[in-house]
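1. Sequence and predicted structure below; questions after.
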Amino acid sequence: MSTENSRNEKAGINTFNRRSILLGSTALAAASVLWTSIAQTQTSPAQKPNILFMLVDNLGYGELGCYGGGATRGAPTPRIDKLASEGLRLTNMNMEAQCTPSRSAILTGRYAIRSGTHSVPFGGVADGLTQWEVTMAEALSSAGYATALYGKWHLGSNNGRLPNDQGFDEWYGIPRTTDEALWPGSPGYSPTIMPPEQLMEGRKGEKSRDVRVYDLEQRRLIDAEITRRSIAFMERQVQAKKPFFVYATMTQPHLPTLPNPAFAGKTGNGNWADMLAEMDHNVGQMLDAVDRLGIRDNTIVIFASDNGPEFVRDWDGWAGPWKGQYFTAWEGGIRVPFMVRWPGKVPAGRVSDEIVHAIDLFPTLAKLAGAEVPKDRPIDGVDQSDFFTGRTEKSARDGILVFCADRLQAVKWKNFKVHFYQQDTMVSPPVKLAIPFLFNLYTNPREDTDKQITDSWVIGPVLKMVGEFEASTKKHPLIAMGTPDPYTPPH
C-alpha cells in the first residue's frame, strides 16, 4: 500500500463507487429522466469544475481598484476589477495574520494553531505541515484532479514537506519567502554561513531539486514564470481532458517589491505601482488562457491575498479603511480582498459583507468538486457553497477566532470584535488586556481604543466560541510547532 493511499484511508477519504443500473428496453425513457435528475445533483467526472486559485502575497485590502485602490495607488487594475464584477466579491474575507498560518488554513481547513504552523518559521525546527495533515490538493487528487502549485509554498523547506509531498502532482517556486532574495547581495553575507533560498521544482513521487538561487534578479522574474507555468499546466490538462487545480501563489507585493523588467518604469509612479500593474497583467494572462481554452463556464476562479499589507518600509502597503497590517489582529491584518467567479453558478455582480474565513475554502471547494474532507480530525472550516452560489445570502458562519502566533488574540462575532491583547504592529510586544477591548465594527471600523462600546453581552457568544475550540483541543491536542514526521495523534 502506498504512503499516499495510507494517508487517505486515515483521513476518511474513500473512493466513490457508483451502483450499476440494469434497464430494460421499456424503461429507457424513465431512465433518461432519472439520469437527468442525478446529473443535476451529483458531480460526475465530466462535470467536475476546474479550479484556478490565484493567491497573492501581502496585498492589502485597499490596493485594488475594486476596493478603493488601483489608480489611487498609482496603477489601475482593470483586469482584476473586471474579474470581481463577474462573480462574488467579499468585503469581510478573513485570513490568518501571517503568511505560513494563512497558507496552512487554506489547504487544511483548520486553524493553523492546530497544525503546528501558527507562525512564520525562522529555522532550527522541522518547519511546515506534518505528513499526517491532509491538504486540499490531496483531497482533489483523490477525486481525480490534476494538481499543481507554482509560486510561494512556506509550509515546509525540505523534501518530505514540499508541495509534491502534500498532494500536488508538480510544483515550481520557493519553499519559504521572498525577503530571502535580499541575502545574496547583503554586505557580509556568505552562503557558507546560511545557504541561500533556492528556486525549486518537483513532481509527486520524486524528490524536489534546486533550480537556481533566488536572488533579486529572480525576484523580478518569478511571477511571470508562475503565470507561464500555470497557463501551460491548464493547457496540458485540457488536452488530457482532466479536471485541474492550479494554485498560483504569486510572490508580489511581498518585500522587496520589485517589478518585472518589462514593467519597470511603466506607470511612472515607482516600483510599487509598477508591481501592481504587473500583477494585474499576470492575472489577465491567466484569465485570457481560461477563455482561449474554452473552459470559462466550467472553471472556478479565485483571487485573494494571504493576509494584510506589508509593514516594512519602503514597501509598506495600504489596508484601505481598516487599521493595521499583517502580524496583528487589527482588521487591516486579517481582512483581505477576495473574489470568486464561476459563470452560471456564482451570480455575477454580487458584493457581500458576510464573514468568511480561509479555513472555509477547503470544505467549500471539496463540496463543489465532489471531493472528501477528512472526518478523523477537527475541521474548523464550513461549507460556503450555498452562499457562494447565491442559494442563500447568508454565510454559514457568524464568527471567527483570530490567532497571532500561538495566542488567541481576538474574536469576531457578527459586527462585533473582542481583543484580548493589544499589539499595534508586528514589532510591538503583545500586551494582555485586563479588560478586553470591545468594538462595534459598524460604528468603529478603525478599532479606535478610545471608542469602545458597553455592549458587554457580546462576551457571551464570544466565550462560547472560545470554549468550543478549547474543548476540541482536549480531544484532539494541538500539534506543536517543530513536530517531526512521522506524527501520530496521541488519541
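-> In hand now; what should we look at?
2. Domain map for this structure?
-> Using automatic domain parsing, the domain ranges for the chain come out as 46-388, 400-475.
3. Name all residues that make contact with S472.
-> By Cβ atoms under 8 Å, 6 or more residues apart in numbering, the contact set of S472 is P378. Where you see a C-beta, it was placed from the backbone N, CA and C, and this is true even at glycine.
4. Let me see the ranges of the helices in the stretch 51-200 of the chain.
-> Along the stretch 51-200 of the chain, counting by DSSP state H, counting those that start in this stretch, helices occupy 78-85, 99-108, 136-142.
5. out of the ones you listed, deepest packed?
-> helix 99-108 (a mean of 28; mean count of other Cβ atoms under 10 Å).
6. list the helices and strands it packs on?
-> For helix 99-108, the packing partners by 3 or more Cβ pairs under 8 Å, 6 or more residues apart in numbering; DSSP states H and E come out as strand 50-57, helix 136-142, helix 361-369.
7. of all those, which lies closest to V351?
-> Set against V351 and scored by Cβ to Cβ, those come closest in helix 361-369, at 18.3 Å.
8. Could you point out the helix or strand that follows that closest one?
-> helix 385-388 (DSSP states H and E).
9. hang on, the earlier thing: among the domains of the chain, show me which one is buried the most.
-> Of the domains of the chain, domain 46-388 is the most buried (mean count of other Cβ under 10 Å), at a mean of 21.
10. before we move on, the earlier item: would you list the helices and strands packed on helix 99-108 in JSON lines and tack on distance to F327?
-> Listed next are the helices and strands packed on helix 99-108 as JSON lines, based on distance: least, Cβ to Cβ, whole Å:
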{"stretch": "strand 50-57", "distance to F327": "14"}
{"stretch": "helix 136-142", "distance to F327": "25"}
{"stretch": "helix 361-369", "distance to F327": "22"}
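11. sorry, back to before: closest one to E447 among the helices of the stretch 51-200 of the chain?
-> Checking the helices of the stretch 51-200 of the chain against E447 by Cβ to Cβ gives helix 99-108 as the closest, at 20.3 Å.
12. just to revisit the earlier point, to R292, which of the helices and strands packed on helix 99-108 lies closest?
-> When the helices and strands packed on helix 99-108 are compared by Cβ to Cβ, strand 50-57 sits nearest R292, at 13.2 Å.
13. For L287, which residues are in contact?
-> R79, L83, V301.
14. how near is the first one to M250?
-> In this structure, R79 and M250 are separated by 14 Å, where distance is defined by Cβ to Cβ, to the nearest Å.
15. a markdown table please, covering the domains of the chain and showing mean pLDDT and distance to Y487.
-> As requested, the domains of the chain are arranged in a markdown table below (pLDDT from 0 to 100; distance: least, Cβ to Cβ, whole Å):
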| stretch | mean pLDDT | distance to Y487 |
| --- | --- | --- |
| domain 46-388 | 96 | 4 |
| domain 400-475 | 96 | 16 |
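16. looking at the ones you listed, which is closest to P486?
-> That would be domain 46-388 among the domains of the chain, by Cβ to Cβ, at 6.5 Å.
17. and which of the contacts of L287 is nearest to D169?
-> V301 (20.1 Å).
18. correct me, but that closest one touches V340?
-> Yes. Counting by Cβ atoms under 8 Å, V301 does reach V340; the two are 7.0 Å apart.
19. what do the two both touch?
-> Shared contacts of V301 and V340 (Cβ under 8 Å, 6+ apart): G87.
20. Once you drop chain neighbours, what's closest to D274?
-> P259 (3.8 Å; Cβ to Cβ, 6 or more residues apart in numbering).
21. Contact partners for that neighbour?
-> Counting by Cβ under 8 Å, 6+ apart, P259 has contacts R220, K266, N271, D274, M275, A277, E278.
22. Just say helix, strand or coil for it.
-> Secondary structure assignment for P259 (DSSP: H, G, I helix; E, B strand; the rest coil): coil.
23. hmm, back to that, quick one, which of the domains of the chain is nearest to G482?
-> With Cβ to Cβ as the criterion, G482 lies closest to domain 46-388 of those, at 3.2 Å.
24. Spatially central residue for the chain, please.
-> What sits nearest the mean C-alpha location of the chain, by Cα atoms, centre = their mean, is I106, with 4.3 Å.
25. Any chance of a markdown table for the contacts of P259, columns distance to L88?
-> Shown next, in a markdown table, are the contacts of P259 (distance: Cβ to Cβ, whole Å):
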| residue | distance to L88 |
| --- | --- |
| R220 | 33 |
| K266 | 31 |
| N271 | 32 |
| D274 | 29 |
| M275 | 26 |
| A277 | 25 |
| E278 | 25 |
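26. among those, which are in strands?
-> Per DSSP state E, strands hold no members of those.
27. Which one of those is nearest to V402?
-> Nearest to V402 among the contacts of P259, with distances taken as Cβ to Cβ, is M275, at 28.2 Å.
28. who's in contact with that closest one?
-> Going by Cβ under 8 Å, 6+ apart, M275 touches Q252, P253, T257, L258, P259, F263.
29. Can you tell me which of the residues you listed is closest to V346?
-> Closest approach between those and V346, by Cβ to Cβ: Q252, at 25.7 Å.
30. so the closest one, which of the three states?
-> Taking three-state DSSP, the label given to Q252 is strand.
31. how about the helices of the stretch 201-350 of the chain, start to end?
-> Assigned by DSSP H, counting those that start in this stretch, the helices in the stretch 201-350 of the chain fall at 216-240, 271-292, 331-334.
32. Pull out the CA atoms of stretch 393-408 and give them to me as CSV.
-> Provided in CSV are the C-alpha atoms of stretch 393-408 (Å, rounded to 0.1, in the frame of the first residue of the first chain):
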residue,chain,number,x,y,z
GLU,A,393,-27.4,35.5,1.1
LYS,A,394,-26.0,34.4,4.5
SER,A,395,-22.6,33.0,5.3
ALA,A,396,-22.5,29.6,7.0
ARG,A,397,-20.6,31.2,9.9
ASP,A,398,-21.2,34.3,12.1
GLY,A,399,-17.8,34.5,13.8
ILE,A,400,-14.1,33.6,13.7
LEU,A,401,-11.2,33.2,16.1
VAL,A,402,-8.2,35.4,15.4
PHE,A,403,-4.8,33.9,16.3
CYS,A,404,-1.5,35.8,16.2
ALA,A,405,1.3,33.2,16.6
ASP,A,406,0.2,30.9,19.4
ARG,A,407,-2.1,33.5,21.0
LEU,A,408,-5.9,33.7,20.7
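33. ok, and the closest non-adjacent residue to S85?
-> Setting aside the residues directly before and after it, S85 is nearest to G349 in space (Cβ to Cβ, 6+ apart), at 6.0 Å.
34. Also L408?
-> Nearest non-adjacent residue to L408 (Cβ to Cβ, 6+ apart): L401, at 6.0 Å.
35. my guess is the one you found is in a strand, correct?
-> Yes. The assignment for L401 by three-state DSSP puts it in a strand.
36. Roughly how far does it sit from S208?
-> Taking Cβ to Cβ, one finds L401 at 34 Å from S208.
37. likewise T473?
-> Where S208 is concerned, T473 sits at a distance of 33 Å (Cβ to Cβ).
38. T425 now?
-> 35 Å.
39. what do you get for W318?
-> Counting by Cβ to Cβ, the separation of W318 from S208 is 36 Å.
40. Then G185?
-> 25 Å.
41. now T483
-> 21 Å.
42. what do you get for E180?
-> Taking Cβ to Cβ as the measure, E180 falls 17 Å from S208.
43. And for P78?
-> The value you get for P78 to S208, if Cβ to Cβ is used, is 37 Å.
44. same thing with I193?
-> From I193 to S208 the distance is 24 Å (Cβ to Cβ).
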